[in-house]
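> I'll drop the sequence and a predicted model, then ask my questions.
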Amino acid sequence: MRPRPPQELADLLRQWSGSANPAVVDIGCGTGLSSTIWPEVTGVEPSAEMRAIAAGRGINVVDGTGEETGLPDGCADIVTVSHALHWFDAARAFPEITRILRPGGVLAAFDFDWPPAVDPEVDAAYREFEAAHTALEAERGLRPTFAPKSEHLRRLRDSGLFQHVNEVCLHMKETGGADRFVDFASSQGGVIALLEEGVSEDALGLTRLREVTARRMTDRSTWWWTCRVRLATR
Ligand SMILES: C[S@@+](CC[C@H](N)C(=O)[O-])C[C@H]1O[C@@H](n2cnc3c(N)ncnc32)[C@H](O)[C@@H]1O
């Protein structure tokens, strides 16, 4: 499971938006994991399955998308988008986000850098696995078409819709073992598709990743995460 965003993120966004008790909208909230740092939040999510899980977590969640939230003008002090902006059609979603933000309100689009820092050998094995699976996905036409996360900041700035755009990184740590690390790595859509097509774990670099993580990590290895937050003020 992806880590829960650090609680400091809520503190930063309260400060940045100037709202001690902000109205928050979390677009693409999925199962609601990204929404849980707020005492009150409205989730927006197109998948009925995800909405049901988020509702089970006590999140008030509505059927909508980044392009069409269905929410009123200026209703939000803060809009968060966690691990989802790359799926949005920016030409439609950015104006929609500015429509629901009040003037001076803040969009925070954040993603955790993957993988977390654990160990240099694990990191090197992960990079080999990443190079192998992305090359195979491209070769087999399995690469999903989404905007690279590295482009988020530039696209927000270039939209001309926001007064001020900047990126900050928050850090957090948690503990985890080799199995969870490999589960994380192999749960990506493209990797699942390749395994379903019969590509071997050896060819993907997964066998080596298993071997290196088992050797270098304990059940309580510290995972050092970077949460990359693009802040865009309306
Ligand atoms: C990787 S999940 C992230 C879920 C959650 N925000 C989190 O961080 O745990 C991406 C979510 O974006 C949703 N999504 C995909 N396209 C979307 C769109 N155009 N508008 C809003 N949500 C979208 C998916 O249904 C999925 O729930």
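Yep, that arrived.
> need the pLDDT of the nearest residue to Ala55 once chain neighbours are set aside.
In space, and not counting its chain neighbours, Ala55 is closest to Val61: 5.5 Å by C-beta to C-beta, 6 or more residues apart in numbering. No exception for glycine: its C-beta is placed from N, CA and C like everyone else's. Predicted confidence (pLDDT) at Val61: the value is 98.
> quick check, Val61 in contact with Arg51.
Yes. Using C-beta atoms under 8 Å, Val61 is in contact with Arg51, at 4.9 Å.
> now for these two: what residues contact both?
Common contact partners of Val61 and Arg51 (C-beta atoms under 8 Å, 6 or more residues apart in numbering): 43, 45.
> for the residue nearest to Ala55, pull up the helix or strand it's in.
strand 60-62 (DSSP states H and E).
> so what secondary structure elements neighbour that strand?
Contact partners of strand 60-62 among helices and strands, from 3 or more C-beta pairs under 8 Å, 6 or more residues apart in numbering; DSSP states H and E: strand 42-44, helix 48-56.
> out of those, nearest to the ligand?
Nearest to the ligand among these is helix 48-56 (4.5 Å), distances taken as C-beta to the nearest ligand atom.
> run through who's touching the closest one.
Taking C-beta under 8 Å, 6+ apart as the rule, helix 48-56 contacts 29-32, 35, 43, 45, 61, 63.
> one more pass at 6 Å, please.
For helix 48-56, contacts defined as C-beta atoms under 6 Å, 6 or more residues apart in numbering pick out 29-32, 43, 45, 61.
> who wins for most neighbours among those residues?
In terms of neighbours by other C-beta atoms under 10 Å, the contacts of helix 48-56 top out with Cys29 at 29 neighbours.
> ranges for the strands of this structure?
Ranges of strands in the chain, per DSSP state E, are 24-27, 42-44, 60-62, 76-82, 101-112, 164-176, 221-233.
> what is the least confident helix or strand in this structure?
helix 189-196 (a mean of 92; mean pLDDT, DSSP states H and E).
> what sits up against that helix?
So helix 189-196 is contacted by 133, 136-137, 142 (C-beta under 6 Å, 6+ apart).
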